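S.K.: need a 3D model of the following:
(chains A and B)
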Amino acid sequence: MAYKYTLEILAGIAIIAFCAVFLYTSATMSGAEFAGSDNVGSGLIAKLSGNPIENFQPLIWQWVPPSGEIESALFALQAAVGGILVGGVFGYWMGQKNKT
Amino acid sequence: MHIMEGFLPWQWCLVWWIIALPCLIIGIHQLKKVLGADREALPLLGVTGGFIFILSSLKLPSVTGSCSHPTGTGLSAISFGPWITAVVCAIVLLFQSLFLAHGGLSVLGANIVSMGIVGPLVGYGIYRLLRDTSVNIYITIFLVCALADLFTYVMTSLELALAYPAETGGIVSSFILFMGIFAITQIPLAIVEGVVLALVFKYIVALKPDILIRLKIFSEKQINAARSEI
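M.R.: As a prediction, this is how the structure comes out:
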């Protein structure tokens, strides 16, 4: 029982280390914009193909969220769906365990 | 992380769709079989799928000065195998391409192959390799989740390198360039994802060990050892 929380501690250390690395990078790296890696990747595609990035048009029409805020809201919605599923099931299992 | 709509020539979109579709069909078939045999597998599917929803919505900053997101596919790959994981990923990726302009319908096949098939397949391979050894199951889970995440991005790099070989050095040099953007960014995220999902697995072991034994994910002996260990 002495090691009951080993994994929790390890996870905490990993998250804190990750945050520390982020703070260090954002303070020291010049030109770090923290854009999505897919945007950076798209820039490389444009460079490799010799085709300016504006020339890459969707092959199939695509709805684009009208603003960054709406995009964030929809991402949050996706996380919420996952959160409800996880929380619901853990609660269900906890209830089952308490009953028996 | 996803390849964006319009950034893959239609021939390549078609190739990846042709690879992804049979895997999805196998996945749907397996899903019906698993849920038909044991309804108690449904909550476990909910938890493992839920983590794919949560983790793939988090865009996190990484050491390279860009952002990327974890995939969360490792737990599902261990519990249900890569084909069912591909089906869950397809749902997440479809949501993201329809409502977030993240990925797209033409490149959906390519994104399913990287996030839903190759990543989980690598994770599942590691799980099968380590399952019957004396390696601690939490270390197994950590490795599966971290490497399933990382190999998703290795595959994305390969998909892009195949479509856009560099003028000098061809596919290999282009692959290295894309790896520099996608896979290197992903290493710290993959490590954190591995540790966090190992922790989640601990809670599943604590709350519902019988389903893990019934689905033959780990043996009774291993689960009991894991319960007493931590």
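S.K.: state the pLDDT value of the most centrally placed residue in chain B.
M.R.: Centroid-nearest residue in chain B: residue B:73, 3.2 Å away (criterion: CA atoms, centre = their mean). At residue B:73, the predicted lDDT confidence score is 97.
S.K.: check residue B:28 too.
M.R.: Reading off the model, residue B:28 has pLDDT 98.
S.K.: quick one: find the helix or strand in chain B with the lowest mean pLDDT.
M.R.: strand B:66-68 (a mean of 83; mean pLDDT, DSSP states H and E).
S.K.: low-confidence stretches in chain B?
M.R.: Low-confidence segments of chain B (pLDDT under 70): B:1, B:230.
S.K.: count the residues that sit near residue 67.
M.R.: No chain specified, so I'll use chain A. 9 (other CB atoms under 10 Å in any protein chain shown). For every residue, glycine as well, the C-beta is placed using N, CA and C.
S.K.: um, chain B though
M.R.: Residue B:67, neighbours per other CB under 10 Å, totals 21.
S.K.: residue A:97 now?
M.R.: By other CB under 10 Å, neighbour count at residue A:97 equals 11.
S.K.: could you pull out the helices for chain A?
M.R.: A:6-28, A:37-49, A:68-99 (DSSP state H).
S.K.: dump the ones you listed to CSV, plus mean pLDDT and distance to residue B:214.
M.R.: Below are the helices of chain A laid out as CSV (pLDDT from 0 to 100; distance: least, CB to CB, whole Å):
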stretch, mean pLDDT, distance to residue B:214
helix A:6-28, 89, 24
helix A:37-49, 85, 39
helix A:68-99, 94, 14
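S.K.: looking at those, which is nearest to chain B?
M.R.: Smallest distance to chain B across these (CB to the nearest CB): 2.9 Å, for helix A:68-99.
S.K.: list the buried residues in that closest one.
M.R.: A:71, A:74-75, A:78-79, A:81-83, A:85-86, A:89-90, A:93 (16 or more other CB atoms under 10 Å in any protein chain shown).
S.K.: what of stretch B:187-206?
M.R.: For stretch B:187-206, by 16+ other CB under 10 Å, it's B:188-202, B:204-205.
S.K.: try stretch A:15-35
M.R.: Per 16+ other CB under 10 Å, stretch A:15-35 contains these buried residues: A:18, A:22, A:25, A:32, A:34.
S.K.: is chain B contacted by it?
M.R.: Yes. Using CB under 8 Å from any CB of the partner chain, stretch A:15-35 reaches chain B at A:15, A:18, A:21, A:22, A:25, A:26, A:29, A:31, A:32, A:33, A:34, A:35.
S.K.: the residue nearest to the centre of chain B and chain A, how far apart?
M.R.: 13 Å (CB to the nearest CB, to the nearest Å).
S.K.: likewise for residue B:203?
M.R.: For residue B:203, the distance to chain A - CB to the nearest CB - is 7 Å.
S.K.: which residue ranges form the strands in chain B?
M.R.: Ranges of strands within chain B are B:60-61, B:66-68, based on DSSP state E.
S.K.: so what touches the last one?
M.R.: Contacts with strand B:66-68, where a contact means CB atoms under 8 Å, 6 or more residues apart in numbering or on different chains, come from A:32-37, A:39-40, B:1, B:59-62, B:153, B:181-182, B:185-186, B:189.
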